[in-house]
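*Asks:* Structural data only, the sequence is not supplied:
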């Protein structure tokens, strides 16, 4: 088996694995991003759609492998492999959305919400005693940045030229670049940005609207608080992982270690460890912490109400939210440890407009954005 | 302060009235006591997914009723709870008017005196005020 074919199969396995894990990354009450009452979480239609989705995802993976392997064997390169990964990811997302539509149709046709008292629950302790940013967990990212800066400062005098910097890793095959303080310190600048930005993002997530269940407000609030603490710690640890990968990149950029395959793999080890940690934790504790052990009485908690049906504001499997009447800017999405901007909020449009403007200025070369050839 | 509020955004009762009612009930249950801070109007509005003017209206009502006080520095704070002493002059008369309507409704719909009293006791037993005033 050649390396390109192995890479293609690994890419297909990775995309398929993530896609198969998606249904486990939602609450039982939001299968495929559709809100259902507790009484219907094990409805035959929901179970059936899970089964159909799994089969179709596996079928898509087989098709991708059957079509891709001969073409890669015939000489298609890395661009083709990336393309297969993207197409397969989009196809799996379409299957996820399809399953959501089927569940939504069953919910509508079966009148699942009829006769139920629909409520919105709020726990004021998230405002009066919010979950704090665990600043101690931000220290590793800061220390790694300082260590990288120190190594760079010590090494700079003995450098003559720099290999091509790809954001995450270097490309020894590309022409060497002239040594300038700016070019040499690029990894440290990115690390600094990560070290500053991630705690801000963590704070925003901690202050976002809590994801509570109106049927079990007390239990869901306690679990969500525990869940948020874990998310905050893992997010800050993620900054350390990213900075560690950049430290390994810096060692190659500053020619302290050779840009070999081993060091290239070492660059991505912290990133893979971070992804694995996220997925394992998310599956273990569940979306919004719904799989965390219940305290006495929490399992029997029932207000007699159900969460208000706001499916009409959610799109793309519960990942995109648009509600002009909702004043919240950042809301928990209905899948995994993700949050999404409310597209009905004016600030979201200001942010998107700024990004589009930045993109247009970069395209027209009015401003010069750093070149991105790899993951970052 | 440990308050769970739940409201019906599509119900017939105005949202500001529901927020006001839930906060009064939370104070009666002892979940919030005198001096406890309430969330800001913008925070509470974002958590409910409603306009902050609606929360403002609920807070204004609670302020007029003497349940909370609002100032620029500390925001909205619980002003009185069951242990804050006797009701202020004028409250009992207004409260009796509203209770009269509720009791009239019960009478019209055929609830007898014993059942009304029993249900009133059941509701009062949820509140800490009842525990404190019962010898």
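*Replies:* Everything's here; your move. Bear in mind that the values here come from a model prediction, so they are computed numbers and not experimental data. Residues are numbered from 1 along each chain as shown, chains lettered A, B, ... in the order given.

*Asks:* How much space separates the residue nearest to the spatial centre of chain B from residue B:65?
*Replies:* For chain B, the residue nearest the mean C-alpha position is residue B:24 (1.8 Å; C-alpha atoms, centre = their mean). Going from residue B:24 to residue B:65 by C-beta to C-beta, to the nearest Å gives 8 Å. Using the backbone N, CA and C atoms, a C-beta is placed for each residue, glycine as well.

*Asks:* Just give the nearest non-adjacent residue to residue A:191, would you?
*Replies:* residue A:145 (4.2 Å; C-beta to C-beta, 6 or more residues apart in numbering or on different chains).

*Asks:* which residues of chain A score low on pLDDT?
*Replies:* A:1, A:367-376 (pLDDT under 70).

*Asks:* And the residue of it that's closest to chain B?
*Replies:* Using C-beta to the nearest C-beta, the closest approach of chain A to chain B is made by residue A:127 at 3.6 Å.

*Asks:* Next, the nearest residue to that residue once chain neighbours are set aside: secondary structure please.
*Replies:* Ranked by C-beta to C-beta, 6+ apart and with sequence neighbours excluded, the top spatial neighbour of residue A:127 is residue B:39, at 3.6 Å. Under DSSP: H, G, I helix; E, B strand; the rest coil, residue B:39 falls in the coil class.

*Asks:* For residue B:39, list the residues it contacts.
*Replies:* Taking C-beta atoms under 8 Å, 6 or more residues apart in numbering or on different chains, we find residue B:39 in contact with A:124, A:127-128, B:47, B:76.

*Asks:* Just the element for the residue of chain A closest to chain B, please.
*Replies:* Residue A:127 is part of helix A:125-128, with elements assigned from DSSP states H and E.

*Asks:* helices or strands next to that helix in the packing?
*Replies:* Packing partners of helix A:125-128 (3 or more C-beta pairs under 8 Å, 6 or more residues apart in numbering or on different chains; DSSP states H and E): helix A:217-253, helix B:41-48.

*Asks:* Would you format the ones you listed as CSV with distance to residue A:185 and mean neighbour count included?
*Replies:* As requested, those are exported to CSV (distance: least, C-beta to C-beta, whole Å; neighbours: other C-beta atoms under 10 Å in any protein chain shown):
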stretch, distance to residue A:185, mean neighbour count
helix A:217-253, 9, 22
helix B:41-48, 40, 22
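
*Asks:* Residue A:141: which of the ones you listed is closest?
*Replies:* Shortest distance between residue A:141 and these, using C-beta to C-beta, is found for helix A:217-253: 3.9 Å.

*Asks:* where's the residue most central in space within chain A relative to residue A:54, distance?
*Replies:* Geometric centre of chain A, nearest residue: residue A:338, 6.3 Å, by C-alpha atoms, centre = their mean. Separation of residue A:338 from residue A:54 (C-beta to C-beta) stands at 21 Å.

*Asks:* Get me the contact residues on chain B for chain A.
*Replies:* Residues of chain B lying close to chain A (C-beta under 8 Å from any C-beta of the partner chain) are B:1-10, B:36-40, B:42-52.

*Asks:* Quick check: buried residues in stretch B:71-87?
*Replies:* B:75-82 (16 or more other C-beta atoms under 10 Å in any protein chain shown).

*Asks:* same question for that stretch, mean pLDDT?
*Replies:* Throughout stretch B:71-87, pLDDT has a mean value of 87.

*Asks:* what does that stretch contact?
*Replies:* By C-beta under 8 Å, 6+ apart, the residues outside stretch B:71-87 that reach it are B:1, B:27-28, B:30, B:32-41, B:59, B:62-63, B:66-70, B:95, B:127-129, B:132.

*Asks:* Just give me the closest of the contacts of residue B:39 to residue A:181.
*Replies:* The closest of the contacts of residue B:39, once distances to residue A:181 are taken by C-beta to C-beta, is residue A:127, at 45.8 Å.

*Asks:* Let me know whether the closest one touches residue B:40 as I believe.
*Replies:* Yes. Residue A:127 is within contact range of residue B:40, at 7.3 Å (criterion: C-beta atoms under 8 Å).

*Asks:* who's more crowded, these two?
*Replies:* A direct count of neighbours by other C-beta atoms under 10 Å in any protein chain shown for residue A:127 and residue B:40 places residue A:127 higher, at 20 against 16.

*Asks:* who touches the more buried one in this structure?
*Replies:* Residue A:127 touches B:39-40, B:43-44, B:47, counting by C-beta under 8 Å, 6+ apart.

*Asks:* got those as CSV, with pLDDT columns?
*Replies:* As requested, those are exported to CSV (pLDDT from 0 to 100):
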residue, pLDDT
B:39, 92
B:40, 92
B:43, 91
B:44, 93
B:47, 93
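
*Asks:* Can you tell me which of those lies closest to residue A:304?
*Replies:* Nearest to residue A:304 among the contacts of residue A:127: residue B:47, at 21.2 Å, using C-beta to C-beta.

*Asks:* surely that closest one meets residue A:209?
*Replies:* Yes. Counting by C-beta under 8 Å, residue B:47 touches residue A:209, with 5.3 Å between them.

*Asks:* got any residues that touch both of those two?
*Replies:* residue A:328.

*Asks:* Low-confidence stretches in chain B?
*Replies:* Short version for chain B, where the test is pLDDT under 70: B:1, B:128-135.

*Asks:* residue ranges of the strands in it, please?
*Replies:* Using DSSP state E, the strands found in chain B span residues B:4-7, B:68-71, B:75-78.

*Asks:* now whatever residue of chain B ends up closest to chain A: how far from residue A:104?
*Replies:* Nearest residue of chain B to chain A: residue B:39, at 3.6 Å (C-beta to the nearest C-beta). According to C-beta to C-beta, residue B:39 and residue A:104 sit 33 Å apart.

*Asks:* ditto for residue A:304
*Replies:* Residue A:304 is 24 Å from residue A:104, by C-beta to C-beta.

*Asks:* Between those two, tell me which one has more neighbours.
*Replies:* residue A:104 (18 against 9).

*Asks:* so how far is the longest helix anywhere in chain B off the chain centroid?
*Replies:* Assignment by DSSP state H gives helix B:91-108 as the longest helix of chain B. Here helix B:91-108 shows a centroid-to-chain-centroid distance of 16 Å under the convention C-alpha atoms, centre = their mean, to the nearest Å.

*Asks:* Would you tell me which residues of the stretch 51-200 of chain A are close to chain B?
*Replies:* Counting by C-beta under 8 Å from any C-beta, the stretch 51-200 of chain A sits next to chain B at A:117-129.

*Asks:* Write the PyMOL selection for whichever of those residues are buried.
*Replies:* The following PyMOL line selects those of those that are buried, judged by 16+ other C-beta under 10 Å:
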select buried, chain A and resi 118+119+120+121+122+123+124+125+126+127+128
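
*Asks:* closest to residue A:221 among the residues of the stretch 51-200 of chain A next to chain B?
*Replies:* Nearest to residue A:221 among these, counting by C-beta to C-beta, is residue A:123 at 4.0 Å.

*Asks:* Please report the distance of the residue lying closest to the closest one once chain neighbours are set aside from residue A:234.
*Replies:* Computed as C-beta to C-beta, 6+ apart, the closest residue to residue A:123 that is not its neighbour in sequence is residue A:221, at 4.0 Å. Per C-beta to C-beta, residue A:221 is found 20 Å from residue A:234.

*Asks:* Also residue A:296?
*Replies:* 28 Å.

*Asks:* and if you look at residue A:55?
*Replies:* Residue A:55 is 32 Å from residue A:234, by C-beta to C-beta.

*Asks:* do the same with residue A:339
*Replies:* In terms of C-beta to C-beta, residue A:339 sits 14 Å off from residue A:234.

*Asks:* ok, residues contacting whichever strand or helix holds residue A:193?
*Replies:* Using DSSP H and E, residue A:193 sits within helix A:186-207. Residues outside helix A:186-207 that contact it (C-beta under 8 Å, 6+ apart) are A:130-133, A:135, A:138, A:141-142, A:144-145, A:148-149, A:152, A:165, A:167, A:228, A:231-232, A:235-236, A:238-239, A:242-243, A:246-247, A:249-250, A:253, A:330, A:339, A:370, A:376.
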